[in-house]
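Chemist: Sequence and predicted model, in that order:
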Amino acid sequence: MNIPRPRKIVLLIALVATLALLCCGGSISAVLLGGLTDENNNLNAALGCGKGGPVDPDSKLPRIRPYGATQIRNAAIIINVGADQKLPPRAWVIAVATAMQESRLTNLGNLGARNDHDSLGLFQQRPSSGWGTPEQIRDPVYASTKFYEKLKTIEGWENLPLTNAAQRVQISAYPDAYAKHEPLATQIVNMLADGAANAVGSSLEMVCASAGQIAASGWTIPVKDVVGSAFRTVSRPSHQGVDLSSGRYTPIAAAASGIVSMVKCDEDRRGRLSCNVDGYPGKGGCGWMVEIHHAGDVMTRYCHMIQRPFVREGQEVTAGDVIGRVGSSGNSSGPHLHFEVHLNNDRSSAGAVDPVRFMREQGAPLGGEG
């Protein structure tokens, strides 16, 4: 494999964002927003949508907690192999997350009694299962190539939840274990490939994801309309989300893959379940609403739907799936989608973060933001 020459990584030292994190965040954290640091411990974000290409694994690489220099170099190799194979950056995120689960990005040799059968290398591939010889599997370039070759054989892998795509390659005894690594894998790809997780397309034709497209991060916007009322304004300090000014019956998309954790008619201040009619300011309640639990313990909430949502609790959804339609039920002055993002799967106001900032960092900026 020909490793590309060093390319410039675009870094933004986001002092304002850091202050916002400290005042609004509680345990928001290390994985989603504070896990990436340079040598001066500054918060950084790669914003180039992949245009600068992957960084050379042999160049000076950023520090990314909790991994060491050798582990980050292995992540860079995984990304470069995916780029050489002309795969879209979504594949790079899947591969990095898989290696995080299988080996903590460490090129493992034979662990003796602690070995999982004859599993070796970054992806714990087994010679006895036909992945290659022990020497081949412990070559990070070879192992990454074999992972991507198997991924490409899975029909529709691009649209599968990350944990499902990884499991179909790995056939693990712990099929749900990959999901927890998706947020940090996304950030690693952004840091090592100039913001590629915010992009769509192959390594040859990569562009920033536009409204309605699913970025390599696995996130998309719920509706295409502009932000009306913002998060925790002076006039509405308890407004825990944003209002997206959408027309009645506009389809609402799941912002990312996940499991539907709540579907209900949210009662108003009088304890009534009256969601099949338009609401009004001061009525109280979210009306018809849905909550979805995503990888990394992120929860999204969608309120004021016009009718019973199209999904049920416990259902697995994929980014972009239509979960309901915009309405004006509950505490509402007119048709719109009230959209919230919560970290640590905390449904309370303590877990809420600004959806505008969060979605921009996932490469899926809400309407009116770019």
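Modeler: Sure, I can see it. Numbering: from 1, shown residues only.

Chemist: hey, let's count contacts and neighbours off CA atoms from now on
Modeler: OK.

Chemist: What's the local residue count around residue 129?
Modeler: Using other Cα atoms under 10 Å, the number of residues around residue 129 comes to 9.

Chemist: what's the pLDDT at it?
Modeler: Residue 129 is assigned a pLDDT of 89 by the prediction.

Chemist: any idea how far it is from residue 152?
Modeler: Distance, residue 129 to residue 152, by Cα to Cα, to the nearest Å: 18 Å.

Chemist: ok, now residue 243?
Modeler: Residue 243 is 39 Å from residue 152, by Cα to Cα.

Chemist: the more surrounded of those two?
Modeler: residue 243 (22 against 14).

Chemist: so where does that one fall, helix or strand?
Modeler: strand 242-244 (DSSP states H and E).

Chemist: mean confidence for that strand?
Modeler: Strand 242-244 comes out at a mean pLDDT of 97.

Chemist: repeat for stretch 97-112
Modeler: Mean predicted confidence for stretch 97-112 is 89.

Chemist: can you list contacts of that stretch?
Modeler: 70-72, 74-75, 96, 118-124, 138, 140, 166, 177-179, 181-182, 184-185 (Cα atoms under 8 Å, 6 or more residues apart in numbering).

Chemist: quick one, what contacts residue 232?
Modeler: Counting by Cα under 8 Å, 6+ apart, residue 232 has contacts 238-241.

Chemist: rewinding a little: so which residues make contact with the helix or strand just after the strand holding residue 243?
Modeler: Counting by DSSP H and E, the next helix or strand C-terminal to strand 242-244 is strand 251-253. Here strand 251-253 makes contact (Cα under 8 Å, 6+ apart) with 221-223, 319-326.

Chemist: Adjacent strands (with direction) for strand 251-253?
Modeler: Paired with strand 251-253 in the same sheet, following DSSP bridges, are strand 322-325 (antiparallel).

Chemist: any idea which helix or strand comes after the partner strand?
Modeler: Counting by DSSP H and E, what follows strand 322-325 is strand 337-342.

Chemist: List the neighbouring strands of that following strand plus their orientation.
Modeler: strand 242-244 (antiparallel), strand 298-305 (antiparallel), strand 352-353 (antiparallel).

Chemist: Grab the CA positions of the second one and hand them over as PDB.
Modeler: Going back to what we said before, that points to strand 298-305. What follows is strand 298-305 as a C-alpha-only set of coordinates in PDB (Å, rounded to 0.1, in the frame of the first residue of the first chain):
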ATOM      1  CA  VAL A 298     -27.400  10.100  23.000                       C
ATOM      2  CA  MET A 299     -31.200  10.600  23.100                       C
ATOM      3  CA  THR A 300     -33.200  12.600  20.600                       C
ATOM      4  CA  ARG A 301     -36.800  13.800  21.300                       C
ATOM      5  CA  TYR A 302     -39.400  14.900  18.700                       C
ATOM      6  CA  CYS A 303     -42.600  16.700  19.800                       C
ATOM      7  CA  HIS A 304     -45.900  18.100  18.600                       C
ATOM      8  CA  MET A 305     -46.700  15.500  15.900                       C
END
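
Chemist: Between the contacts of residue 232, which sits nearest residue 192?
Modeler: residue 241 (31.1 Å; Cα to Cα).

Chemist: okay, now the closest one: neighbour count?
Modeler: The burial count for residue 241: 25, using other Cα under 10 Å.

Chemist: ok, it - contacts?
Modeler: Here residue 241 is in contact with 230-232, 338-341, 352-355 (Cα under 8 Å, 6+ apart).

Chemist: could the residues you listed be laid out in JSON lines, adding pLDDT and distance to residue 65?
Modeler: Shown next, in JSON lines, are these (pLDDT from 0 to 100; distance: Cα to Cα, whole Å):
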{"residue": "230", "pLDDT": "94", "distance to residue 65": "32"}
{"residue": "231", "pLDDT": "97", "distance to residue 65": "29"}
{"residue": "232", "pLDDT": "96", "distance to residue 65": "31"}
{"residue": "338", "pLDDT": "97", "distance to residue 65": "34"}
{"residue": "339", "pLDDT": "98", "distance to residue 65": "30"}
{"residue": "340", "pLDDT": "98", "distance to residue 65": "28"}
{"residue": "341", "pLDDT": "98", "distance to residue 65": "24"}
{"residue": "352", "pLDDT": "98", "distance to residue 65": "24"}
{"residue": "353", "pLDDT": "97", "distance to residue 65": "22"}
{"residue": "354", "pLDDT": "97", "distance to residue 65": "24"}
{"residue": "355", "pLDDT": "97", "distance to residue 65": "24"}
